[in-house]
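Asker: got a sequence here, can you model it:
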Amino acid sequence: MIQELVRQLPTASTQQAAGYPTLFLFVALGSLVPVVPTGALVSSAAVVAFHQTSPFALLVVFGVASAAAFLGDVCLYWLGQRGVRSKNGSRWLKAITGRAAPDRLAQAQEKLEEHGTVVLVLSRLVPAGRIPVMLACLLGRMPLRQFARGDVPACLAWAVTYQLIGLLGGSLFAEPWQGVVAAVVLTLLISGTPALWRRLRTRFAH
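Answerer: Here you go, the predicted structure:
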């Protein structure tokens, strides 16, 4: 998937234009179905944009990524709301619930009560934090409009963070593909370390 993104975002301006819809599609899909490494996609796109001559390439990547993340979040929340309101639930609500550990959900509900929609910003920046907070919002019957208002700064902060990771990878290497590899590795380390730490802590606790 990342290779496809890199292939779709070369230096030629006409091919750049074809790559931005690809980035939008993958990020929106990854926000809707939380198995796609959207952070790595944004970082990779930022690396490629960093090596382009156009001064607006990074701005376009930022705009496309944040808009796609917002659209995916809002669609997933809307689908989750339908499940909450339905007597029999829905497969989307079950999917969200299945990806939120009970302890993480309890923490998210507590933080949501204390800080309101500000928690949405942190949830987007903390690895595996988005789904528990979204589920807490759903169970708390937060209106879609209120969720959307809180999700706007969350998606903007998320896009900036992963774009900065891409800029770091792009600045360290002369070749775009080298920067992409570095950015992807760094992104996966950031997203995977907390989960690994929790598993090790649980194993040694027993």
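Asker: so where's this structure uncertain?
Answerer: 1-18, 53, 55, 172-206 (pLDDT under 70).
Asker: quick one, helices of it?
Answerer: 2-8, 13-32, 38-50, 57-85, 91-98, 102-115, 118-125, 130-139, 144-172, 176-205 (DSSP state H).
Asker: what's in contact with stretch 70-89?
Answerer: The contact list for stretch 70-89 (Cβ atoms under 8 Å, 6 or more residues apart in numbering) reads 27-32, 90-94, 96, 130, 134-135, 137-139, 141, 144, 147-148, 151-152, 154-155. For every residue, glycine as well, the C-beta is placed using N, CA and C.
Asker: quick one: buried ones out of these?
Answerer: Buried members of the contacts of stretch 70-89, scored by 16 or more other Cβ atoms under 10 Å, are 27-32, 90, 92-93, 96, 130, 134-135, 137-139, 147-148, 151-152, 154-155.
Asker: give the contact list for W158.
Answerer: By Cβ under 8 Å, 6+ apart, the neighbours of W158 are 39, 66, 69, 124-125.
Asker: how about a cut-off of 10 Å?
Answerer: 27, 31, 38-39, 42, 65-66, 69-70, 73, 121, 123-125, 130, 151 (Cβ atoms under 10 Å, 6 or more residues apart in numbering).
Asker: try I96
Answerer: I96 touches 34, 76-77, 79-80, 83-84, 90, 131-132, 134-135, 138, counting by Cβ under 10 Å, 6+ apart.
Asker: switch the cut-off to 7 Å
Answerer: Shown in contact with I96 (Cβ atoms under 7 Å, 6 or more residues apart in numbering): 80, 131, 134-135.
Asker: from those, which single one is nearest G170?
Answerer: The nearest member of the contacts of I96 to G170, counting by Cβ to Cβ, is I131 at 29.6 Å.
Asker: of all the contacts of I96, which two lie farthest apart?
Answerer: G80 and I131 (9.9 Å).
Asker: the two: which is more packed in?
Answerer: Taking other Cβ atoms under 10 Å, G80 and I131 do not tie; G80 has more neighbours (26 against 22).
Asker: the closest residue to A101 other than its chain neighbours: neighbouring residues, count only.
Answerer: Leaving aside its sequence neighbours, A101 sits nearest to P132 (Cβ to Cβ, 6 or more residues apart in numbering; 7.2 Å). Residues near P132, counting by other Cβ under 10 Å, number 27.
Asker: which residues touch L112?
Answerer: If you count contacts by Cβ under 7 Å, 6+ apart, then L112 has 119, 133, 136-137, 140 around it.
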